[in-house]
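**Student:** Pasted the sequence and its predicted model underneath.
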Amino acid sequence: MFEQILRWSRTRFAQKAARRQLRHALLAVEALEERCAPAISITAAATLPSATVGAAYSEALSASGGIAPYSWSVSPSLPAGLKIDFASGTISGMPTAGGVFSFTVTATDSTLATGSQPYSLTVNAPTISISPTTLTSPAVGISYSQTLTASGGTAPYSWTVSSGALPTGLQLSAGGTINGKPTATGSFTFTISAKDASTGTGPYSASQSYTVSVLLGITPATLPGGTVGVAYKQTTLTASGGTAPYSWSVSSGTLPAGLTLAPTTGTITGTPTAAGSFTFTVQATDSSATPLTGSQQYSLTVAALSLSPTTLPGPVVGVAYSQALTASGGTAPYHFKVSSGALPAGLKLSDAGTISGTATAAGPFTFTVQATDSANPADTGSEQYSFTVALGLSPTTLTTALEGDPYTQALSASGGTAPYHFKVSSGALPAGLKLSDAGTISGTPTAAGPFTFTVQATDSASPAHTGSQTYTLTVKPLRVQLAIALSHVAPNSPFPAFQATVLDALGKPLQGVRVTLRLVTLGAIGPAGFGSGSVLSAVTGANGKATFTDVSITTRGVYQIEADADSEKALSQFLQVGLNGRHSPA
């Protein structure tokens, strides 16, 4: 037992001694690592080159004494707008804050050893400039806009009029634009300041002084164009802001030949004789003791011969076409011809300028028409036209359908390559009808009314040609029945009462339909008509019947009576009107 305790005690002492030796070894290693760690230094002066707000900055730092690569960091931070590249150590950017800034840069090598260097960086105030340095002259009553810009500082800039005042009617926006309409002439001096958005010792500002003279206003700002040989649209210029009356002159450039400017009224009149673009400046002078002036530059274009219209409607195969062209700007009469391309087959252009005929083939066509006037030497003008000839569809109208009655209508197309395919491209057929691919409308309509739809036909060419026709198909809801139980009657002798019956397509009586009678003369010995007192119009009752009484015919002959209800008609049997109710030859 004693021996076991002794062995255990020796083992415990040995374990404690081993642990003490291990701790001493670890401390020795740590001390050795500290003595062996590389001394990292940053190779740059403690004071960096100064920067300027709003100007690009770049300064590269480098490290030595460690094991590359190095990574870089800054504490607490660089001036606003600058940053340090994590991998290269370059400080770069565009500062937005002014002042003196202190910070520490740390370089860390690949073994995580570090080295630090404190720095001081001065960011100088920017030199802010405002442009433009001079302003264009405004004019009374004329819209004015001039945008100022600032540079050198930190955007955005705020703008103010720091001294003086803008001309009445103008204002300066927060974004630096002077705009408005001046209301009075004169000379105005003012100073505008721009303040940047820098922080730190900022913001910074700059000012620019301006002197502008507000001139007389001249309107309109533009002139209508003219055409050679055509009287110019009389245009009167007006001035404002001074003392009337005003005198007028062309201060630079020249008016188009044939036009004049009235010096007392400012009216431009005449007939241009030469084509071209003409730029000139008109000056107005008022009647004040110290005369005020104003100028307006104009550009006026005088066209040579011109053709109208400039676009043409597209023809349809099989449909008569006529389009008149006219020319202006020269000496009439004018003569027309196709100078390039070709008209569609079936169409022609007359010497007087009318395109007419009936196109026979579908497709796109482009051609140029030239007009020549009667001057010596002659002037010419041209216009290029493009249109597409559409397939022709027939018929162009549809027969009336009756609700509840079978209906069939065949459509056909022409001008392209058969076979043709048909479809309803817009609108809808009456309920109960359909259009086949071959172009037949068929079925039994189940609802009355007018129905408008467009049918499109497409041929088998490549590329395919198309054509369309809009139709209105009327489905009638009425059927009229008229029965007069009488075949012979004497002149001016009233018939026995008779009725006209109005039914819908399903045979149901229709109430409230007005029925009107008309006399159809088959042969008479003289002028015939209904006798006085005849009831010629009546409205159907609940049973669908309209009753007529006291109807008589004035002249001997052979007749029929027609009943008309909503354009639906029915005829009676033959009536012979003679003496004593007997037949008497007409």
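**Tutor:** That came in fine, so what should we check first?

**Student:** all helices for the chain, in order.
**Tutor:** In the chain, the helices defined using DSSP state H lie at 2-36.

**Student:** Break it down into its domains, please.
**Tutor:** What automatic domain parsing lists as the domains of the chain is 1-31, 41-124, 129-214, 217-303, 306-389, 392-476, 478-581.

**Student:** averaged over its residues, what pLDDT does the last one have?
**Tutor:** Spelled out, that is domain 478-581. Domain 478-581 shows a mean pLDDT of 85.

**Student:** any chance of the domains of the chain in a markdown table, plus mean neighbour count?
**Tutor:** Quick note: C-beta positions are derived from backbone N, CA and C, even for glycine. Below are the domains of the chain laid out as a markdown table (neighbours: other Cβ atoms under 10 Å):
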| stretch | mean neighbour count |
| --- | --- |
| domain 1-31 | 9 |
| domain 41-124 | 17 |
| domain 129-214 | 17 |
| domain 217-303 | 17 |
| domain 306-389 | 17 |
| domain 392-476 | 17 |
| domain 478-581 | 17 |
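
**Student:** In terms of mean pLDDT, which of the ones you listed ranks lowest?
**Tutor:** The minimum mean pLDDT among the domains of the chain belongs to domain 1-31 (a mean of 57).

**Student:** Hmm, Val513 and Val502 touching each other?
**Tutor:** Yes. Using Cβ atoms under 8 Å, Val502 is in contact with Val513, at 4.7 Å.

**Student:** Overlap of the contact sets of the two?
**Tutor:** Taking Cβ atoms under 8 Å, 6 or more residues apart in numbering as the criterion, Val502 and Val513 both touch 478, 540, 544, 546, 565.

**Student:** and the gap between the first one and Thr452?
**Tutor:** What that stands for is Leu478. Separation of Leu478 from Thr452 (Cβ to Cβ, to the nearest Å) stands at 21 Å.

**Student:** do the same with the second one
**Tutor:** Remark: distance between Thr540 and Thr452 (Cβ to Cβ) = 29 Å.

**Student:** now swap in the last one and tell me
**Tutor:** Ala565 sits 24 Å away from Thr452, going by Cβ to Cβ.

**Student:** Same check on Asp437?
**Tutor:** Distance, Asp437 to Thr452, by Cβ to Cβ: 22 Å.

**Student:** And Ala375, by the same measure?
**Tutor:** As judged by Cβ to Cβ, Ala375 and Thr452 stand 52 Å apart.

**Student:** And Phe530, by the same measure?
**Tutor:** Distance of Phe530 to Thr452, computed by Cβ to Cβ: 39 Å.

**Student:** next one: Ala345
**Tutor:** Separation of Ala345 from Thr452 (Cβ to Cβ) stands at 32 Å.

**Student:** ok, and the closest non-adjacent residue to the most centrally placed residue in the chain?
**Tutor:** The centroid of the chain falls nearest to Thr311 when counting by Cα atoms, centre = their mean (19.7 Å). Spatial nearest neighbour of Thr311, excluding adjacent residues (Cβ to Cβ, 6 or more residues apart in numbering): Tyr385 at 7.1 Å.

**Student:** For that neighbour, name its beta-bridge partners.
**Tutor:** Tyr385 has these beta-bridge partners by DSSP bridges: Phe367.

**Student:** In contact with it, which residues?
**Tutor:** Contacts of Tyr385 by Cβ under 8 Å, 6+ apart are 311-312, 366-369.

**Student:** quick one: which of the residues you listed is nearest Ala324?
**Tutor:** Of all the contacts of Tyr385, Leu312 has the smallest distance to Ala324: 10.6 Å, by Cβ to Cβ.

**Student:** Now Ser209. Nearest residue, chain neighbours left out?
**Tutor:** Nearest residue to Ser209, sequence neighbours excluded (Cβ to Cβ, 6+ apart): Thr191, at 4.7 Å.

**Student:** Ignore what I typed, I meant Gln297.
**Tutor:** Once flanking residues are discounted, Gln297 sits nearest to Thr281: 4.7 Å by Cβ to Cβ, 6+ apart.

**Student:** Can you tell me how far the one you found is from Ser143?
**Tutor:** 19 Å.

**Student:** Contact partners for the residue nearest to Gln297?
**Tutor:** 250-253, 295-298.

**Student:** wait, isn't Ser308 in contact with Leu325?
**Tutor:** Yes. Assessed by Cβ under 8 Å, Ser308 is found in contact with Leu325 at 7.3 Å.

**Student:** which neighbours do these two share?
**Tutor:** In contact with both Ser308 and Leu325: no residue, using Cβ under 8 Å, 6+ apart.

**Student:** and which of the contacts of Thr281 is nearest to Val316?
**Tutor:** Nearest to Val316 among the contacts of Thr281, counting by Cβ to Cβ, is Tyr298 at 46.1 Å.

**Student:** Beta-bridge partners for that closest one, please?
**Tutor:** Beta-bridge partners for Tyr298, by DSSP bridges, are Phe280.

**Student:** my guess is it contacts Gln283, does it?
**Tutor:** No. Tyr298 lies out of contact with Gln283 (Cβ under 8 Å); the separation is 11.7 Å.

**Student:** first to last residue in stretch 519-530, what's the distance?
**Tutor:** End-to-end span of stretch 519-530 (Cα to Cα, to the nearest Å): 7 Å.

**Student:** no wait, stretch 378-397
**Tutor:** 48 Å.

**Student:** Could you do stretch 76-96 as well?
**Tutor:** End-to-end span of stretch 76-96 (Cα to Cα): 17 Å.

**Student:** now what about it, what contacts it?
**Tutor:** 48, 51-63, 69-74, 97, 99, 101, 103, 105, 107, 121, 123, 154, 197-200.

**Student:** Repeat that for stretch 255-269.
**Tutor:** Contact partners of stretch 255-269, identified using Cβ under 8 Å, 6+ apart, comprise 223, 226, 232, 234-239, 245-250, 270-274, 276, 278, 280, 282, 284, 300, 302.

**Student:** Also stretch 536-552?
**Tutor:** By Cβ under 8 Å, 6+ apart, stretch 536-552 touches 489, 491-495, 497-503, 508-517, 530-531, 533-535, 561, 563, 565.

**Student:** at 6 Å what do you get?
**Tutor:** Stretch 536-552 is contacted from outside by 492-495, 497-503, 509-511, 513-517, 531, 533-535, using Cβ atoms under 6 Å, 6 or more residues apart in numbering.

**Student:** Please tell me I have it right and the residue nearest to Ser209 contacts Trp159.
**Tutor:** No. Using Cβ atoms under 6 Å, Thr191 makes no contact with Trp159, being 11.4 Å away.

**Student:** separation between the closest residue to Thr177 other than its chain neighbours and Ala390?
**Tutor:** Nearest residue to Thr177, sequence neighbours excluded (Cβ to Cβ, 6+ apart): Thr147, at 4.7 Å. Applying Cβ to Cβ, the value for Thr147 to Ala390 is 53 Å.

**Student:** now do Gln469
**Tutor:** Distance of Gln469 to Ala390, given as Cβ to Cβ: 9 Å.

**Student:** And for Asn124?
**Tutor:** From Asn124 to Ala390 the distance is 76 Å (Cβ to Cβ).

**Student:** again with Tyr321
**Tutor:** According to Cβ to Cβ, Tyr321 stands 11 Å off from Ala390.
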